[in-house]
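**Student:** pasting a predicted model and its sequence here:
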Amino acid sequence: MSSFRDKMAAKTAELGSASERQATERPAPAAAEPRRSSAFKTGPGMLGALAVAQQRIQELETNSDKLLLPVSAIQPNPWQPRKIFSDEGLASLAESIREVGLIEPVVVRRADHGYQLIAGERRLRAHVLLHAEEIRASVIECSDQDMAVLALVENVGREDLTDYEIGQSLRRAEQEFPTRTRMAEALGMSRKGLYRFLSFDKLPDFIRRDLDLNPRLLGGSAADEIVSAIKKHGAAGLLAARELWPAVVAGTLDQGKLAAAIGAQSNRSETEQSVSERSIEKIFSGKSHAGSITKDTNSFTVKLKTGVLSDAQETQIRELISQLFNVKPG
């Protein structure tokens, strides 16, 4: 087995399914991405996806070209989930490559203009840091769907990859599958787990802009709850989210409490608005209080005390209501 396949297997050995990740997530400090437990076991679907990918890579590597390619000729993998790369880690890798050379070549495929990276993003970035002009590469043939699966299988189980990054990569990979159900099956995920990651796309723009800069601000479960809270409360929910979100960014409000805070603030706003727009007129029969007419944003209510109306007056009121709303009088 080649070093590339060994590395792929090692990286996914502790990988869990979406449901396992949800069950084992631990509470995290405010504004921090929930960490995934190191006790995950490879889900059957993901294991199958990896086995197929490994077999495919093995077949392709048998006749692959081993070339020394210009660094500038290699385009990034469009399905790469990772948005953040540690500067310190890249610097350390670059120094290691400077001292002992590149031990494992990057894996690429031919593209319309040059080559497209399949695996080895950090190694390629380290060469850029070193201002190296060339890099050793294995050139294989690989379909778009293979690349999408490989990129996710290689990265999805690593603790430092955020739910937002996974969600963005899933969104980019979605077009390679006929349905979301087929995509979930190929990646060993439940449909619920898949939709949890895709919920980031339904967040307001002002939240997603901050997540582009810092993907660790929000986990998938919190994102899903926030989307539901905003949808439930409409404009009031969106306004509450806009007012509360800076506290999450600043670390003063836990991401997991944002949805509840949106609901509470929306309810207060809706109650205050209803009270401010409510008008009440009292009805008197002579000097006695006979009832009231109340109007607010949701209703127009007439209340009369029992016994203040004569039978003839009650009949008149019922006839008026019947004329206005086509209701048969009782």
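**Tutor:** Nice, I can see it. No experiment lies behind these values; they were computed from the predicted model shown.
**Student:** excluding covalently adjacent residues, which one is nearest to Arg172?
**Tutor:** Trp79 (5.6 Å; C-beta to C-beta, 6 or more residues apart in numbering). Just so you know, the C-beta spots here come from the backbone N, C-alpha and C atoms, and that holds for glycine as well.
**Student:** make that Arg109, sorry
**Tutor:** That would be Cys142: by C-beta to C-beta, 6+ apart, it lies 4.6 Å from Arg109.
**Student:** what is the neighbour count of the one you found?
**Tutor:** Residue crowding around Cys142 was assessed by other C-beta atoms under 10 Å; the count is 20.
**Student:** cool, the one 5 residues further on as well?
**Tutor:** Residues within reach of Met147, counting by other C-beta under 10 Å, total 22.
**Student:** next one: Leu203
**Tutor:** Neighbours around Leu203, by other C-beta under 10 Å: 22.
**Student:** so after the helix or strand containing Ile262, what's the next helix or strand?
**Tutor:** Using DSSP states H and E, Ile262 falls within helix 258-276. Heading C-terminal from helix 258-276, the first helix or strand you meet, by DSSP H and E, is strand 279-285.
**Student:** which residues touch that following strand?
**Tutor:** His289, Ala290, Gly291, Ser292, Ile293, Thr294, Lys295, Asp296, Leu304, Val308 (C-beta atoms under 8 Å, 6 or more residues apart in numbering).
**Student:** let's go with 10 Å and repeat that
**Tutor:** 289-296, 300-305, 307-309 (C-beta atoms under 10 Å, 6 or more residues apart in numbering).
**Student:** please save the CA atoms from stretch 234-242 in CSV.
**Tutor:** Backbone C-alpha positions of stretch 234-242 (Å, rounded to 0.1, in the frame of the first residue of the first chain) are rendered in CSV as follows:
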residue,chain,number,x,y,z
GLY,A,234,-39.5,36.4,11.2
ALA,A,235,-38.4,40.1,11.0
ALA,A,236,-38.2,40.3,14.8
GLY,A,237,-35.9,37.2,14.9
LEU,A,238,-33.6,38.6,12.3
LEU,A,239,-33.4,41.9,14.1
ALA,A,240,-32.6,40.1,17.4
ALA,A,241,-29.9,38.0,15.7
ARG,A,242,-28.3,41.1,14.3
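**Student:** tell me the mean pLDDT for that stretch?
**Tutor:** For stretch 234-242, mean pLDDT is 93.
**Student:** that stretch: which residues count as buried?
**Tutor:** Ala236, Gly237, Leu238, Leu239, Ala240, Ala241 (16 or more other C-beta atoms under 10 Å).
**Student:** format the residues you listed as TSV; extra columns: secondary structure.
**Tutor:** Listed next are the buried residues of stretch 234-242 as TSV, based on DSSP: H, G, I helix; E, B strand; the rest coil:
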residue	secondary structure
Ala236	helix
Gly237	helix
Leu238	helix
Leu239	helix
Ala240	helix
Ala241	helix
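**Student:** from those residues, which is closest to Phe200?
**Tutor:** Ala241 (14.0 Å; C-beta to C-beta).
**Student:** surely the residue nearest to Arg109 is within a helix?
**Tutor:** No. Residue state for Cys142 (three-state DSSP) corresponds to coil; a helix is not indicated.
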